[in-house]
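[1] Predicted model and sequence follow; I will ask about them next.
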Amino acid sequence: MSHHKALRLYNTLTRQKEDFTPIDPARVRLYVCGPTVYDLAHIGNARPIIVFDVLNRLLRHLYGDDKVVYVRNITDVDDKINARAAERGVSIRELTEETATIFHKDVAALGCAPPDFEPRATDHIAEMIEIIKRLIVAGNAYEADGHVLFSVPSMPDYGRLSRRPLDEMLAGARVDVASYKRDDMDFVLWKPSKDSEPGWDSPWGRGRPGWHIECSAMSWKHLGETFDIHGGGIDLVFPHHENEIAQSRCAFGHSIMASVWMHNGFLQVEGEKMSKSLGNFITIRDALADWPGEVIRFNMLKTHYRQPIDWTVASLRESKKELDRMYPVAKQFAASSAMIPPDFMAALCDDLNMPEAITALRRLYAEANDGVALAGARLASCGQMLGLFGKSMPEWIGWRPASAAIDELYVQRLVNARIQARKAKNFAESDRIRDELTGLGIQLKDGKDANGELITQWEVKL
Ligand code: AMP
Ligand code: ZN
């Protein structure tokens, strides 16, 4: 297809935009680091899922739906998982199953297609052990005190991805000093487990993997020794991706692990990264109670994926208004990938330039309103490419925040209580209840039914 040469992607490895050339165009391979499933994901975690969902759609458009393999893992063994499972008195499998199920529902509501493979770390322990064995044989890893460590000085060009000065990496590594390390920068591939901790038998005793080795094993199993694109949030560049590269390159003997390394910027709240540890997070679950999934998605896509996003209610409100305007126009037409205009495609192919793609979307909307031929069908088609306009018109209009559904019960109780107060001629109380309802934005209409009984109808004034 003629589109192939058009795709350009920013590669963290080279710090520049490059023409994308798949190793095998009949099997374009994408790996994205998935969630550690110990708790509900927040909307910062949703950013890489949404960004790489758009990339996945674009690759399928360019190379063919059956020519792309998208792998996104689930990290289901980790010290945070162990701690949370112990706290709740459940097995790590129970905890991670429950959390993964919620994660799937959450990201589906954000319009993200599932990956082709979603490997779990605990199903790939054998592959991890195999890689570690190879690293020991090659002289890139050593056993010490029940641990196996990667020897950073054994790899001359360690640090190529993050380009961190050595002293900075060392300062980071010193947080995790241990007497058994030959070098402060060496990192854990395998560590021993206490009887109370989850563990697997290995040549180095019963233990569990370090985090980085998980992704080297899962990408190897499902995509091979080298592949095309590896993605994740910008915080994963160091040490996670740097260490994945060290493991995979040294174990398999290639000059690359993945050709292109892509990283999304942070979703921020008042200038700070949204994170569990800062406590400034909103779970996807809570966000979906207040906003339709497509509004969250659209709001996320308005910012270029490498830029930080400041998450505000004002911008969400604006995004909802914009989709409310476009929906009835877009829904009059069938979407078709053949109807996507060149300028929209050029924007996406320029390192997923979403702000420009959305400018094209807005122009199509304006043209459709002006009756320009094909503009409406193009709007519907571009929207579909971005995972928008997926609901029917009644579904879109009928959406209500979850808080409204909960209020309904509460409102009905207040309305009933007010009728009782009026019957008892307790007008002070009935007026008090009316004021409370007015405060909630509820309008009352009093009347009588066929039998002369007092009835009250109510509605929400929007
Ligand atoms: P974690 O569960 O912290 O390993 O994060 C899972 C994924 O979400 C990784 O790709 C992170 O880089 C990404 N991520 C975490 N917090 C944010 C944030 N505030 N903004 C954007 N991406 C994030
Ligand atoms: Zn990873």
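    Arrived safely, thanks for sending. Ligands and ions are numbered 1, 2, ... in the order given.

[2] which residues sit against the host helix or strand of E408?
    E408 belongs to helix 402-423 when elements are defined using DSSP states H and E. Here helix 402-423 makes contact (Cβ atoms under 8 Å, 6 or more residues apart in numbering) with 288-290, 427, 429-430, 433-434, 436-437, 440, 442, 444, 454-456, 458, 460. Heads up, the C-betas are built off the backbone N, CA and C, glycines and all.

[3] Recalculate using a threshold of 6 Å.
    The contact list for helix 402-423 (Cβ atoms under 6 Å, 6 or more residues apart in numbering) reads A289, E429, S430, I433, L437, I442, L454, T456, W458.

[4] buried stuff in it?
    For helix 402-423, the neighbour count (16 or more other Cβ atoms under 10 Å) marks D407, V411, L414, V415, R418, I419, A421, R422 as buried.

[5] starting at the chain centroid, how far to it?
    Chain-centre distance of helix 402-423: 38 Å, with Cα atoms, centre = their mean, to the nearest Å.

[6] Could you list the domains of this structure?
    8-264, 268-399, 403-460 (automatic domain parsing).

[7] which residue packs closest to R84, ignoring adjacent ones?
    Closest residue in space to R84, ignoring its immediate chain neighbours: Y38 at 4.7 Å, by Cβ to Cβ, 6 or more residues apart in numbering.

[8] which residues touch the one you found?
    Counting by Cβ under 6 Å, 6+ apart, Y38 touches K80, I81, R84.

[9] Can you mark which positions in the least confident helix or strand in the chain by mean pLDDT are buried?
    Least confident helix or strand of the chain, by mean pLDDT, DSSP states H and E, is helix 166-173 with a mean of 76. Using 16+ other Cβ under 10 Å as the burial criterion, the residues of helix 166-173 that qualify are M169, A173.

[10] which outside residues touch it?
    Residues from elsewhere that reach helix 166-173, judged by Cβ under 6 Å, 6+ apart: D184, M185.

[11] could I get the domains of the chain as a markdown table with distance to ligand 2?
    Shown next, in a markdown table, are these (distance: least, Cβ to the ion, whole Å):
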| stretch | distance to ligand 2 |
| --- | --- |
| domain 8-264 | 3 |
| domain 268-399 | 17 |
| domain 403-460 | 36 |
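
[12] want to throw these into CSV with distance to ligand 1?
    Formatted as CSV, these follow (distance: least, Cβ to the nearest ligand atom, whole Å):
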stretch, distance to ligand 1
domain 8-264, 2
domain 268-399, 4
domain 403-460, 25
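
[13] Could you tell me the least trusted of those?
    Comparing mean pLDDT across the domains of the chain, the weakest is domain 403-460, with a mean of 87.

[14] so how far is it off the chain centroid?
    In terms of Cα atoms, centre = their mean, the centre of domain 403-460 is found 43 Å from the chain centre.
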